[in-house]
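[1] For reference, the sequence and a predicted model appear below.
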Amino acid sequence: MAETPLFSQLASVNPALSARLKESAAFLAAPAATRLSEEQRALVLGIARRLVESVAGLLGGAVDSRALWDDWAAQGLPGAAQLSGRCFARAEEHRWRNQPVQDVGETVPPRVIAADAAIDVPVAAGDPLTAIDRAYLALQIADRRRFDALGHPRIAIEDLDLDLLRALLLDIAAWALVQAGKDGAEAARLGEAVRGALAQHRPERGIDRAAVDYHAALDGAGTLADSAAAAIARHDWPSFIALAAATHKYRYDAMALALITAEPAQLAPMLAPLLRDQAALVPLEGSLAMLPGRAVASAAPDDYTAALQARAALFGEAEGAA
């Protein structure tokens with residue numbers, strides 16, 4: 001599946017998004033200096049903090065996560081460039097999903113699911129789960145893991161690719177080693193903790209795998225397009241993002257960012273492989289239009305350096321082709 005290169009691809013043709021991603025990276029590298037809005041700063045920083053604390057917890061209590069975060073928040077995150085796209089995408093998705101829902105018609109109240117619930121939950125006799133129900137439940141559970149116990153957005157460990165998880169673990173373990181005075185025995189213990197955490201990584205529990213399985217279940221039943229349109233109609237954005245991501249073979253977070261930053265005219269061709277009726281897009285377009293501060297390409301960027309660099313790169317490609 002496409003990973004952060006898609007963020008770069010989207011940013012290369014969207015100066016506003018390019019500016020936001022650079023601001024996110026600059027913010028995580030130096031939290032005191034940023035051009036993001038107050039809401040975006042709070043979300044990006046909170047998501048980064050919860051991720052750092054979660055990954056630190058994988059080292060078996062060897063790290064004081066509060067002291068770690070206080071230090072990194074003051075000095076800047078060592079992996080800011082790697083984390084910024086993921087944190088920004090998660091923050092923007094949360095802003096979109098957190099908007100008031102209006103005029104979506106009758107909906108079925110969502111089932112409340114614990115973050116650590118098993119996929120094969122017991123059901124009452126005579127009420128078996130179909131393959132589609134099971135896949136949808138798995139998607140809900142995977143999405144629930146993307147929130148903390150208080151409902152704040154976070155990046156689930158299961159949704160991290162192995163390279164990013166390894167980099168985070170090593171950065172955190174290195175910080176802990178410095179605090180321990182670079183003791184050789186502590187280095188060996190932390191190294192084993194990192195190895196153990198990586199061995200226990202379970203991406204099959206993540207939302208990307210759940211999205212693929214849900215898409216396959218609906219496609220096998222011949223109800224994919226209708227289900228996608230129904231998800232839009234009831235503003236079930238997690239389900240719709242998942243189906244769009246699986247259709248395009250993108251990661252869930254990259255697909256969310258692609259939708260949020262798309263121009264209105266881009267949505268129909270982008271989603272043509274998934275939807276039969278373009279009229280189904282109306283609630284999606286309306287919801288996205290309500291999101292303040294969206295980084296669409298037509299938005300007037302407040303970082304003209306990024307805009308000029310993007311244009312200069314295009315001119316350079318044109319001259320090279322000539």
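    Structure's in. What do you need?
[2] Please count neighbours and contacts with C-alpha atoms only from this point.
    OK.
[3] hang on, Tyr214 packs against Gln140?
    No - taking contacts as Cα atoms under 8 Å, Tyr214 lies outside contact range of Gln140: 10.4 Å.
[4] how about stretch 174-181: buried residues?
    Across stretch 174-181, burial judged by 16 or more other Cα atoms under 10 Å covers 174-177.
[5] Moving C-terminal from the helix or strand where Met270 lies, which element do we reach first?
    Assigning secondary structure by DSSP states H and E places Met270 in helix 264-271. The helix or strand immediately downstream of helix 264-271 is helix 282-290, counting by DSSP H and E.
[6] low-scoring stretches of the stretch 101-250 of the chain, by residue?
    Across the stretch 101-250 of the chain, the ranges flagged by pLDDT under 70 are 102-127.
[7] And the helices in it?
    131-144, 162-179, 184-199, 207-221, 224-233, 237-248 (DSSP state H, counting those that start in this stretch).
[8] which strands and helices sit next to the longest one?
    The criterion is 3 or more Cα pairs under 8 Å, 6 or more residues apart in numbering; DSSP states H and E, and the helices and strands that helix 162-179 contacts are helix 38-57, helix 184-199.
[9] Just say which of the ones you listed is most tucked in.
    helix 38-57 (a mean of 19; mean count of other Cα atoms under 10 Å).
[10] That helix packs against which elements?
    helix 15-29, helix 65-75, helix 80-97, helix 162-179.
[11] Dump the ones you listed to a markdown table, plus distance to Ala131.
    Below are those laid out as a markdown table (distance: least, Cα to Cα, whole Å):
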| stretch | distance to Ala131 |
| --- | --- |
| helix 15-29 | 38 |
| helix 65-75 | 41 |
| helix 80-97 | 26 |
| helix 162-179 | 29 |
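[12] Looking at those helices, which is nearest to Gly57?
    With Cα to Cα as the criterion, Gly57 lies closest to helix 65-75 of those, at 7.6 Å.
[13] as a whole number, average confidence for that closest one?
    Mean pLDDT, helix 65-75: 91.
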